[in-house]
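S.K.: Have a look at this fold, sequence not included:
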């Protein structure tokens, strides 16, 4: 600024704002003049608030920017602007209304205004029909509450805002209620308000008369936490992280190396690794919100009552309501007997999304559902899907859905129905055969007594009985504890050597007679040696060993040398020893050992690791463990119901990957056939490929003339004579 400008004073409010921030005391008089101007402009503005007034907006922006410099004089300023918005917000000019809200946000960020009062005002402003303003307020509310709880939870403010949001969800204005619900959902996803109260406030939106609120709340409860986080942050991850990282690498290779560019590169690399981890990470069954509902039985009953009366709702919303009720029933093991006959009417092959309905039905099954309630459902599925007049796909879908229901409630299946379903194992379509075999395998584990005798499989010695209604299986031992007990005794007795690679038989002079036949060697050696058993050179195991040796580039015959035969003898002795242990210890003795160790010793992590190692090596009989049952909290997926089909058509990326894999190991544009020796000569055909086309022109003409017939040659001669004339 020139000397003349400094003497004459600032020319605009922007210049004065800059000067006031630099030296507040020197420009206190100019600020006071502008503040008096603001008060008079405010009185005039209140007379006609609907009129656009750019000058008043500039004054408000100026006072908000310098509020920290003159906090004593501007104590009443935030309250005046908030009162103006509260009284006349719908009538204000959109530009001025946006300016006033921006000023309040600026004052709040500087700590001159409490958050509770301001955020309650902003929630009320959601009623204003201004989309740009609503988006601005939405971002500020989420970020402000996030900052409040960044270091520690501010329970007082959180409680007040949650109570106010509960009233906003009951608001008659649909847009305001929808925005308030979106704020609560995003705060839950970001971990700011991940508590029970937030979930139970959101659940009230499921009973709202507005369909949009209902669909938003149901979508929140039906998605896992990972899916919700992906949906919220989808806008941030629209750009491919790998492409961003590559562009940062290229920029750093050309530009000057700075600390800022280095941080940007590290950030892009971190985002790329996070995306790669998400792609490879298995989907987690995490419906934390459904577990935090206070009274799930009442919620399920109310939702089912609304579902039965929802005649005008869209079919997609009805499907979400059915999915929500089935999830609640399956997770909390609720009893809602009217739900199953209601779904029974939709179980027809021509029904749209019938596979999803079957999935929801399987979700709602659990061991506490009476068998009578699901028995009629299984008969309906069998009659409508599993019949000779149905297509193979329908039969496979019906069998798979029956299997999923029965794994959660085995008592629902009758012996007569299972006998009919088992007969489909000899169907001509492979998908039906696989579905029938999976049903047979499931009942071999759940209740083999109702299967036909020839389908029960080989007897294992342990009788598997189905649990009765309401009966639960209580674990009395640590599975595999008997293995640890027997292993410890064998090591202490010197029968085994504890090494990293497993159990090995310890060499003992007293056990010479038990190790097999001895032969006498030459008298000069004065030693005895074991005649090791010869390793079998034939059979599948030998063929597999030979193939592996050829792949490694080794001689396959060297596997069966004398040194290896000695090792084979030791392995045979070890397996023989383990067999004797298996035969010597009965099932009752192993059970006693497991109960004694489980009740007298606190197992450490090393003990559990050793049990897993012994179970994996299978040196003893399978450990005494509880009956293998299907995890009831596993989410039923659509792929569990759909029939097994042939391999789908490859995508463009998969086809390109297979093409590139086929090009490995050969030259560019070359064939797969290679020369026997690098010094061998090439054929005339290969030499012709590398010659210039002009050089081959005469040879081609000569070969073409030799192939001409007699008549063609006469015609060519006549044409040549005519040309000469």
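M.R.: Good, I have the coordinates. Note that this is a predicted model, so its numbers are computed, not measured.

S.K.: pLDDT below threshold where in the stretch 351-500 of the chain?
M.R.: Where the stretch 351-500 of the chain drops to pLDDT under 70, the residues are 459-465, 494-500.

S.K.: what about the strands in it?
M.R.: Assigned strands in the stretch 351-500 of the chain, in chain order: 496-499 (criterion: DSSP state E, counting those that start in this stretch).

S.K.: Could I get the full set of helices for it?
M.R.: Using DSSP state H, counting those that start in this stretch, the helices found in the stretch 351-500 of the chain span residues 354-363, 371-384, 392-408, 415-422, 430-446, 481-492.

S.K.: Quick check: which of the ones you listed is buried the most?
M.R.: A comparison of the helices of the stretch 351-500 of the chain by mean neighbour count, using mean count of other C-beta atoms under 10 Å, puts helix 392-408 on top with a mean of 24. (Glycine included, C-beta is placed from N, CA and C.)

S.K.: Dump the helices of the stretch 351-500 of the chain into a markdown table; add distance to residue 316 as well.
M.R.: Below are the helices of the stretch 351-500 of the chain laid out as a markdown table (distance: least, C-beta to C-beta, whole Å):
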| stretch | distance to residue 316 |
| --- | --- |
| helix 354-363 | 11 |
| helix 371-384 | 23 |
| helix 392-408 | 21 |
| helix 415-422 | 33 |
| helix 430-446 | 29 |
| helix 481-492 | 52 |
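
S.K.: For residue 333, which of those is the nearest?
M.R.: Go through the helices of the stretch 351-500 of the chain one by one with C-beta to C-beta and the one that ends up closest to residue 333 is helix 392-408, at 10.2 Å.

S.K.: Among the helices of the stretch 351-500 of the chain, which comes closest to residue 271?
M.R.: Each of the helices of the stretch 351-500 of the chain was checked against residue 271 via C-beta to C-beta, and the shortest separation belongs to helix 354-363, namely 34.2 Å.

S.K.: contacts for that closest one?
M.R.: The set of residues external to helix 354-363 that reach it, using C-beta atoms under 8 Å, 6 or more residues apart in numbering, is 319, 322-323, 326-327, 329-330, 340, 343, 346-348, 351, 377, 381, 397, 401, 404-405, 408, 635-638, 640-642.

S.K.: what about 7 Å?
M.R.: For helix 354-363, contacts defined as C-beta atoms under 7 Å, 6 or more residues apart in numbering pick out 319, 322-323, 326-327, 330, 343, 346-348, 351, 377, 397, 401, 404-405, 408, 636, 638, 641-642.

S.K.: Ok, stretch 74-86 next?
M.R.: Contacts of stretch 74-86 from elsewhere in the structure, counted by C-beta under 7 Å, 6+ apart, are 42, 60, 63, 67, 100, 103-104, 107, 112-113, 118, 121, 125.

S.K.: can we see that at 6 Å?
M.R.: 63, 67, 100, 104, 107, 113, 121 (C-beta atoms under 6 Å, 6 or more residues apart in numbering).

S.K.: and the helix or strand harbouring the first one, how far out from the chain's middle?
M.R.: Residue 63 is part of helix 54-65 when elements are defined by DSSP states H and E. A distance of 50 Å separates the centroid of the chain from that of helix 54-65, by C-alpha atoms, centre = their mean, to the nearest Å.

S.K.: name the helices or strands packed onto it?
M.R.: helix 13-22, helix 28-47, helix 94-109 (3 or more C-beta pairs under 6 Å, 6 or more residues apart in numbering; DSSP states H and E).

S.K.: So for that helix, mean pLDDT?
M.R.: The pLDDT scores in helix 54-65 average 91.

S.K.: Of the helices of the stretch 351-500 of the chain, give the one that comes closest to residue 591.
M.R.: Using C-beta to C-beta as the criterion, the shortest distance between residue 591 and those is 7.3 Å, found for helix 481-492.

S.K.: Tell me the buried residues within the contacts of helix 354-363.
M.R.: Among the contacts of helix 354-363, those classed as buried by 16 or more other C-beta atoms under 10 Å are 319, 322-323, 326-327, 330, 343, 346-347, 377, 397, 401, 404-405, 408, 636, 641-642.

S.K.: Show me the shaky parts of the stretch 1-150 of the chain.
M.R.: Residues of the stretch 1-150 of the chain meeting the criterion pLDDT under 70: 1-11.

S.K.: Can you tell me which of the helices of the stretch 351-500 of the chain is nearest to residue 663?
M.R.: Comparing the helices of the stretch 351-500 of the chain against residue 663 with C-beta to C-beta, the closest turns out to be helix 430-446 (33.9 Å).

S.K.: so that closest one versus helix 392-408, what angle?
M.R.: Direction vectors for helix 430-446 and helix 392-408, defined by axes from the mean of the first three to the mean of the last three C-alpha atoms, to 10 degrees, enclose an angle of 10 degrees.

S.K.: Next one: residue 456 from residue 443, what distance?
M.R.: Here residue 456 is placed at a distance of 9 Å from residue 443 (C-beta to C-beta, to the nearest Å).

S.K.: Mind listing what's buried along stretch 301-313?
M.R.: With burial defined by 16+ other C-beta under 10 Å, the residues of stretch 301-313 counted as buried are 301, 303, 304, 307, 313.

S.K.: show me the contacts for the second one.
M.R.: It refers to residue 303. For residue 303, the residues meeting the contact criterion (C-beta under 6 Å, 6+ apart) are residue 325.

S.K.: Can you name the next helix or strand after the strand or helix carrying it?
M.R.: The secondary structure element spanning residue 303 is helix 296-309 (assigned by DSSP H and E). Moving toward the C-terminus from helix 296-309, the next helix or strand (DSSP H and E) is helix 315-332.

S.K.: and that following helix, what does it pack onto?
M.R.: The elements that helix 315-332 packs onto, with contact taken as 3+ C-beta pairs under 6 Å, 6+ apart, are helix 211-222, helix 296-309, helix 354-363.

S.K.: what's the angle from it to helix 354-363?
M.R.: Orientation check (the same axes, to 10 degrees): helix 315-332 against helix 354-363 gives 20 degrees.

S.K.: buried ones in the helix or strand following helix 315-332?
M.R.: Beyond helix 315-332 in the direction of the C-terminus, DSSP H and E gives the next helix or strand as helix 339-344. Counting neighbours by 16+ other C-beta under 10 Å, one finds that the buried residues in helix 339-344 are 339, 340, 343, 344.

S.K.: again, but for stretch 40-58
M.R.: Of the residues in stretch 40-58, those with enough neighbours to count as buried (16+ other C-beta under 10 Å) are 41, 42, 45, 49, 53, 56, 57, 58.

S.K.: ends of it, how far apart?
M.R.: This stretch, stretch 40-58, spans 14 Å end to end (C-alpha to C-alpha, to the nearest Å).
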